[in-house]
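Chemist: please find the sequence and the predicted model below.
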Amino acid sequence: MSTAVTGQIIDAGELKRLSPRFWLARQTELALFWGAVLIVSLVVVLIVHVSAAGLLPVVVALIAVVAWLVERGRYRSWGYAEREDDLIVTRGLMFRHVSVVPYGRMQFIDVTAGPIDRAFGLATVQLHTAAAATDARIPGLVRADADALRDRLALVGGAKATGL
Amino acid sequence: MSPLPPPISSAAPLEVGETWRRLHPLSPIVRFGRVLIGVLVIAVPSIAEQPALHRDGGFPISFVVYLGLLVLGGIGGIISWLVTRWRIAEGNLQIETGFIRRQSLRIPLARIQAVDVISPLSGRFLGLAEVRVVSAGRGAEHGRLAYLTAAQAPVVRARLLALAHGLEVSTPEPAALPLLHVQNGLLLPALLMRSQVLGPILIAIAAVAAIAAAPVVGAGALGSAITVLVISGLGVARAFNEDFDFAISEAGDGVRLDRGLLQRRHETIPYGRIQAVRLVEPLFWRAFGWARLEVDVARQSVSREADRDAQQVARTLIPVASREQALWLLARVMPDAYPDPPPGAGPPSRARLKAPLSFHFLAAWFGQRYVYARTGRVQRSTIIVPLVKVQSVRLKSGPLQRAFRVATVDVDTAGRRWQASARCRDEHEAVETVRHISERARLSRRVPPPRPANPVPVPAAG
């Protein structure tokens, strides 16, 4: 879901998207969370004998659907591109962000993976510069891709490194 | 427990050899002075509040406890002095300290960025000064030599600087060229003229006037205005104490700041560490054509309590000056920077509804070497970031911004205080800005800009 604005900094075609497995992982997370909430609401309905309580699971289900739509939009908004001199990361559905990080500015690169990410063989690549505000993070890369990206970035980062 | 270092003479003439040296024998007294004040502040009121205990005969318990604390603090200070030693050897400044947990600090001379000399009030009475070493790099340690004699400190400083620049050990400190000196007679009125002080005064006057009409509301407003006034008065006193007798000079490696009433500081801000400069023009200062300049320098995040003091870096480049002088100084630190917006640097007029308060001064533009962002309504402030220092560029747009077809461009630096934030830019312009800034930042990193050799004369105070 590349916006017109994003598209002018970089062609939408150039942007690499996240792995579909990431969407599966996010959906799993959503299902686990909202499934739990739904079960709790059903239990509440069974315990409380008020006719209006019957609406509760319906409301929960509706919110879950909205959450699912938002999460899908977010998933589609992620994108990154390795250009000649810098890395571009786009994200955000409501609040759209486009970050441009020159390779020479990278100080170190983290690859992290939470439990669900690991179950799906995914990892997050995070770039750190000397500026605390830099927020270039690419989640949901297939583990091998994440490692390859980290190695490529470390390589160009080392070649183009500039001091403070 | 580790062995004590061998006895070292602290009175030996200062030579940069491989020998371990000790800090000045009076250092525990200066350090102890702070503990003493701290204990007194707690002890005096608490003893005074418990007269009943005193009449029990003998010493009151609390008195004994506080006395014990003082003795312990004193012994601790002396032991700390005994186990602390330092030397310059093997390309490092080495400091060893700690009695139970021995700590050995190695600061590579090549990474030293600045050496400051600080004389606290108690140290000035005893003729002592502290040498503070600021070094570069992530997780780098900052060294403190507290205290040396006031005569030794500048010598150690000069040697460290010479070694850091790879010069002969005995190279004297490079001569500094005086740039500006702030008259204390100007500093005080300028500090009092800030809106934090004048605002509550105006409110207090209004409140006094309103008491006749509405006593309760007026008295309440007066009370809160006075509270705010006391707080900002303390702020003024602190700023006056810190920036008293402010002099800025220029040396080859950076600008030197000499300032302070009770505690004198002699600091260096290396040019390379300046990440951004901010030109601030408060509401009432604009009537007099005054301005001040602040800097943001690169530093690590503060983790340990002990480091916090050492991490205190100069923030003010000039506390108050005429606008011409401030611009002239700015040009010394950032050649060719001109912090007045060219036509068309303002946001599109439809953004007036989006940012009704700040719209008036809101502007952002960039040149060959700098990015500028101006904001504020009461206090106009212009942030200037060299393109060489740009760490990353970010474009942000929220739902409300999209409704106005505007976007924000943030320019990040390694500084901790501000980022240049160009708010309410036209969407298409914002995109162009991101593209241009990242492109120019890339180009300007390849060619370091030259620095003018000799300064032009200082403009007369306006």
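Modeler: In hand now; what should we look at?
Chemist: what's the local residue count around B:Ile78?
Modeler: 16 (other CB atoms under 10 Å in any protein chain shown). The C-beta positions use only the backbone N, C-alpha and C, and glycine is treated the same way.
Chemist: and it, what does it touch?
Modeler: The contact partners of B:Ile78, taken as CB atoms under 8 Å, 6 or more residues apart in numbering or on different chains, are B:Pro28.
Chemist: which secondary structure state does it sit in?
Modeler: For B:Ile78, the assignment made with DSSP: H, G, I helix; E, B strand; the rest coil gives helix.
Chemist: per-residue confidence at it?
Modeler: B:Ile78 is assigned a pLDDT of 86 by the prediction.
Chemist: now do it against B:Leu148, distance only.
Modeler: Remark: distance between B:Ile78 and B:Leu148 (CB to CB, to the nearest Å) = 18 Å.
Chemist: for B:Val371, same thing?
Modeler: Per CB to CB, B:Val371 is found 42 Å from B:Leu148.
Chemist: cool, and B:Val434?
Modeler: 50 Å.
Chemist: share the number of residues neighbouring A:Leu32, please.
Modeler: Neighbour tally, A:Leu32, other CB under 10 Å: 11.
Chemist: quick one, phi/psi of it?
Modeler: The phi/psi pair for A:Leu32 (degrees, to the nearest 10) reads phi -60, psi -50.
Chemist: so how far is A:Leu62 from it?
Modeler: A:Leu32 is 18 Å from A:Leu62, by CB to CB.
Chemist: so which residue is dead centre in chain A?
Modeler: A:Pro139 (4.7 Å; CA atoms, centre = their mean).
Chemist: let's verify that one: helix, strand, or coil?
Modeler: Per three-state DSSP, the local secondary structure of A:Pro139 is strand.
Chemist: for it, give its distance to chain B.
Modeler: Using CB to the nearest CB, to the nearest Å, one obtains 17 Å as the distance from A:Pro139 to chain B.
Chemist: okay, strands next: where are they in the stretch 301-450 of chain B?
Modeler: In the stretch 301-450 of chain B, the strands defined using DSSP state E, counting those that start in this stretch lie at B:316-322, B:363-366, B:370-375, B:380-386, B:392-397, B:406-412, B:420-426.
Chemist: residue contacts, B:Trp81?
Modeler: B:22-23, B:25, B:27-28.
Chemist: report pLDDT for it.
Modeler: pLDDT, read off for B:Trp81, is 88.
Chemist: in a strand, it, correct?
Modeler: No: under three-state DSSP, B:Trp81 sits outside any strand and is assigned helix.
Chemist: packing partners for the longest helix that chain B contains?
Modeler: Criterion DSSP state H: the longest helix present in chain B is helix B:215-243. Applying 3 or more CB pairs under 8 Å, 6 or more residues apart in numbering or on different chains; DSSP states H and E, one finds that helix B:215-243 contacts helix B:184-192, helix B:195-211, strand B:316-322.
Chemist: redo that, cut-off 6 Å
Modeler: Judged by 3 or more CB pairs under 6 Å, 6 or more residues apart in numbering or on different chains; DSSP states H and E, the packing partners of helix B:215-243 are helix B:184-192, helix B:195-211.
Chemist: so, low pLDDT: which residues of chain A?
Modeler: For chain A, the stretches flagged by pLDDT under 70 are A:1-13, A:161-164.
Chemist: before we move on, what about the stretch 51-200 of chain B?
Modeler: B:51-60, B:136-142.
Chemist: the longest helix of chain B - what's its average pLDDT?
Modeler: Here the average pLDDT along helix B:215-243 is 87.
Chemist: kindly export stretch B:358-365 (C-alpha atoms) in CSV.
Modeler: Extracted in CSV, the C-alpha atoms of stretch B:358-365 (Å, rounded to 0.1, in the frame of the first residue of the first chain):
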residue,chain,number,x,y,z
SER,B,358,3.3,28.3,15.7
PHE,B,359,2.4,29.2,12.1
HIS,B,360,3.8,32.7,12.4
PHE,B,361,7.4,31.8,12.6
LEU,B,362,7.2,28.3,11.2
ALA,B,363,9.8,27.8,8.5
ALA,B,364,12.2,25.3,7.1
TRP,B,365,14.7,25.4,4.4
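Chemist: could I get the strands of the stretch 301-450 of chain B as TSV with distance to chain A and mean pLDDT?
Modeler: Converted to TSV, those look like this (distance: least, CB to the nearest CB, whole Å; pLDDT from 0 to 100):
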stretch	distance to chain A	mean pLDDT
strand B:316-322	18	91
strand B:363-366	14	90
strand B:370-375	13	92
strand B:380-386	11	92
strand B:392-397	4	90
strand B:406-412	4	91
strand B:420-426	10	88
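Chemist: could you dump those to a markdown table with mean neighbour count?
Modeler: Converted to a markdown table, the strands of the stretch 301-450 of chain B look like this (neighbours: other CB atoms under 10 Å in any protein chain shown):
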| stretch | mean neighbour count |
| --- | --- |
| strand B:316-322 | 23 |
| strand B:363-366 | 22 |
| strand B:370-375 | 25 |
| strand B:380-386 | 24 |
| strand B:392-397 | 24 |
| strand B:406-412 | 24 |
| strand B:420-426 | 23 |
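Chemist: stretch B:377-397: end-to-end distance?
Modeler: From its first residue to its last, stretch B:377-397 covers 23 Å (CA to CA, to the nearest Å).
Chemist: what segments of chain A are strands?
Modeler: For chain A, the strands defined by DSSP state E occupy A:79-82, A:86-91, A:96-102, A:106-112, A:122-129, A:137-142.
Chemist: now distance to B:Glu242 too, for those, in TSV please.
Modeler: TSV is the format used below for the strands of chain A (distance: least, CB to CB, whole Å):
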stretch	distance to B:Glu242
strand A:79-82	46
strand A:86-91	40
strand A:96-102	37
strand A:106-112	32
strand A:122-129	31
strand A:137-142	39
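Chemist: hmm, back to that, for the longest helix of chain B, what is the distance to the chain centroid?
Modeler: 24 Å (CA atoms, centre = their mean, to the nearest Å).
Chemist: can you list the buried residues in that helix?
Modeler: B:218, B:221-222, B:225-226, B:228-229, B:232-233, B:236, B:239-240, B:242-243 (16 or more other CB atoms under 10 Å in any protein chain shown).
Chemist: near chain A, which residues of the stretch 201-350 of chain B?
Modeler: Applying CB under 6 Å from any CB of the partner chain, we find that the stretch 201-350 of chain B lies next to chain A at B:Ala298.
Chemist: and whatever residue of the stretch 201-350 of chain B ends up closest to chain A, how far from B:Ser322?
Modeler: Here the stretch 201-350 of chain B gets closest to chain A at one residue, B:Ala298, 4.7 Å apart by CB to the nearest CB. Distance of B:Ala298 to B:Ser322, computed by CB to CB: 29 Å.
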